[in-house]
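J.: from the sequence below, what's the structure:
(one chain, ligands or ions: 1)
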Amino acid sequence: MSCFRLENVSFRYDKKPVLKGIDLRLESGEILGLFGHNGAGKTTSIKLILGLMQPTQGTVSVLDGHAGDPEVAQFIGYLPENVMFYPQLTGREILSHFARLKGASPGQVPELLSQVGLADAMDARTKTYSKGMRQRLGLAQALLGKPKLLMLDEPTVGLDPVATADLYRLLRKLRDEGTGIVLCSHVLPGVEPYIDRAAILTDGALQAVGDLSALRRQANMPVTLSLDPANSISALEKVIDGASSSNGLMIKTEHGRLRVDVQPSEKMHLLRAVMASGEVADISIHQPSLEDIYVHFIGSGGLAHRGGSQ
Ligand SMILES: Nc1ncnc2c1ncn2[C@@H]1O[C@H](COP(=O)(O)OP(=O)(O)OP(=O)(O)O)[C@@H](O)[C@H]1O
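T.: I've put the predicted structure just below:
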C-alpha cells in the first residue's frame, strides 16, 4: 500500500510560494528522511499529508484515500516539532487521554511507555520530565493505535545520543513490521544507516530523492582515496599523475599519505593503475556521506538558506 503520494504539489501562504511542484511518495515498510534547512517546507509538507491544509495545486493521497479523511487519519501517527503536555498530569494519564481521543486501546498505554523508556516515570507528573522525556512521551503518543503511517518532525530534538540510537532502532523495527515512516530533520549525523531513502528540500523545491547510492550518482561528487606509499610519496604521485586525465583531480599530502579526490567515473581506472604500479602499501576509500551530499545539494548558499525567509 502507498502511504502517501504528493503529485505536483505546490502551496502558498498568501502570495508566498512555500512548496513548488513537489512529487514525492512513501510506500509501506519504508523510512524516508525528509531533510532541509530551516524554512525549506518540511513541516508544510507534513501538514498537507495530515490534511490540515489543502495544496494550492496538485494532489495529495494518503493510505489510498484523501488527506484529512477521518478513516485515513486514524491510521496516522504524528509527532509535532514542539511537544507540549499538561504539566499536572502523569505520562500515563496523558497517554490514556490521547488513546481515548484516537480510539486506541487503553491497554496499549503501559506497553508503549515502556517501549519509549518511560516505564519508571509513567506515574510522575510531566512537569518533572526532562525535555528528552517529554519528547519520548510525544513519540509514544504518535505510536498509539499502531499507525500505518508515522510522521516525525525533528524527533531527535532533546534526545541524548543513546536515546537517539534507541529511537532509530525502534523505527527500524516498526518499518520491518510494515509501517511507513517519515523522519523530518535538519540533524543528519547518525541517521544515514536507518533510512531507506532521503529527500532533500531547498526553498520549497525537491533537489534530490533516492537511496544513498542514487543520491551519490545524482551528486556525482568526488570519491576520496587515501593512499599509503610503498616506497615514496613522489613515486606514488608520479603514478597518479600518469594515470589520470586530471579532470578535477585533487592531490594533497597529509601525514605521509596522499589524499586524492577523484571523479567516480575515473576511480576504477586510477585504482587499477595504482595497484599495478607496486607503489602503494594501503588504500582507504571515502564515499560521500549523506551529510556531504546534503551540503552539496543545499549549495554554496547554505548559510543564506538556513534562516529560510522567516
Ligand atoms: N502560518 C504561516 N504563515 C506564513 N508563512 C508561513 C507559515 N508557516 C510557515 N510559513 C513559511 O513557510 C516556509 C516553510 O516553513 P516550514 O515550517 O514548512 O519549514 P520547515 O522546513 O519545517 O522549517 P524548520 O526546520 O525551521 O521547522 C517558511 O518560509 C515559513 O516562514
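
J.: please count neighbours and contacts with C-alpha atoms only from this point.
T.: Will do.

J.: all helices for the stretch 51-200 of the chain, in order.
T.: 70-73, 91-102, 108-115, 131-142, 161-176 (DSSP state H, counting those that start in this stretch).

J.: need the winner for burial among these.
T.: helix 131-142 (a mean of 23; mean count of other C-alpha atoms under 10 Å).

J.: who's in contact with it?
T.: 77-80, 83-85, 91, 95, 98-99, 112-113, 115-118, 126, 150, 155-160 (C-alpha atoms under 8 Å, 6 or more residues apart in numbering).

J.: ok, stretch 261-280 next?
T.: Counting by C-alpha under 8 Å, 6+ apart, 220-225, 227-232, 235-236, 239-240, 243-244, 247-251 sit against stretch 261-280.

J.: so which of the residues you listed are in strands?
T.: 223, 224, 225, 227, 228, 229, 250, 251 (DSSP state E).

J.: follow-up on the earlier one: now the buried members of the contacts of helix 131-142.
T.: 77-80, 85, 91, 95, 98-99, 112-113, 115-118, 126, 150, 155-156, 158-159 (16 or more other C-alpha atoms under 10 Å).

J.: quick check, residue 25 in contact with residue 5.
T.: Yes. Using C-alpha atoms under 8 Å, residue 25 is in contact with residue 5, at 4.3 Å.

J.: which of the residues in stretch 287-297 are buried?
T.: 288, 290, 293, 294, 297.

J.: for the residues you listed, which one is nearest residue 21?
T.: residue 297 (17.6 Å; C-alpha to C-alpha).

J.: contacting residues around the closest one?
T.: By C-alpha under 8 Å, 6+ apart, the neighbours of residue 297 are 200, 207, 208, 219.

J.: just to revisit the earlier point, who has more neighbours out of residue 25 and residue 5?
T.: residue 5 (21 against 15; other C-alpha atoms under 10 Å).

J.: please report how far that one lies from the ligand.
T.: According to C-alpha to the nearest ligand atom, to the nearest Å, residue 5 stands 18 Å off from the ligand.

J.: what's the answer for residue 112, then?
T.: For residue 112, the distance to the ligand - C-alpha to the nearest ligand atom - is 27 Å.

J.: once you drop chain neighbours, what's closest to that residue?
T.: residue 140 (5.7 Å; C-alpha to C-alpha, 6 or more residues apart in numbering).

J.: what do you get for residue 152?
T.: In space, residue 152 is closest to residue 79, 4.7 Å off (C-alpha to C-alpha, 6+ apart).

J.: the ligand contacts on the stretch 101-250 of the chain?
T.: By C-alpha under 6 Å from any ligand atom, no residue of the stretch 101-250 of the chain approaches the ligand.

J.: how near is the residue of the stretch 101-250 of the chain found nearest the ligand to residue 20?
T.: Nearest residue of the stretch 101-250 of the chain to the ligand, counting by C-alpha to the nearest ligand atom: residue 186, 6.4 Å away. When distance is defined by C-alpha to C-alpha, to the nearest Å, residue 186 is 20 Å away from residue 20.

J.: ChimeraX command to pick out the buried ones of the contacts of stretch 261-280?
T.: Buried residues among the contacts of stretch 261-280 (16+ other C-alpha under 10 Å), as a ChimeraX selection:
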select :221,222,223,224,225,227,228,229,236,239,240,243,244,251
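
J.: quick one: secondary structure of the residue positioned nearest the centre of the chain?
T.: Nearest residue to the geometric centre of the chain (C-alpha atoms, centre = their mean): residue 33, 2.7 Å. Classification of residue 33 using DSSP: H, G, I helix; E, B strand; the rest coil returns strand.

J.: hey, what's the closest residue to residue 261 other than its chain neighbours bridged with?
T.: Nearest non-adjacent residue to residue 261, counting by C-alpha to C-alpha, 6+ apart: residue 224, 4.5 Å away. On the basis of DSSP bridges, residue 224 is bridged to residue 261, residue 286.

J.: wait, isn't residue 224 in contact with residue 251?
T.: No. In this structure, residue 224 is not within contact of residue 251 by C-alpha under 8 Å, at 9.7 Å.
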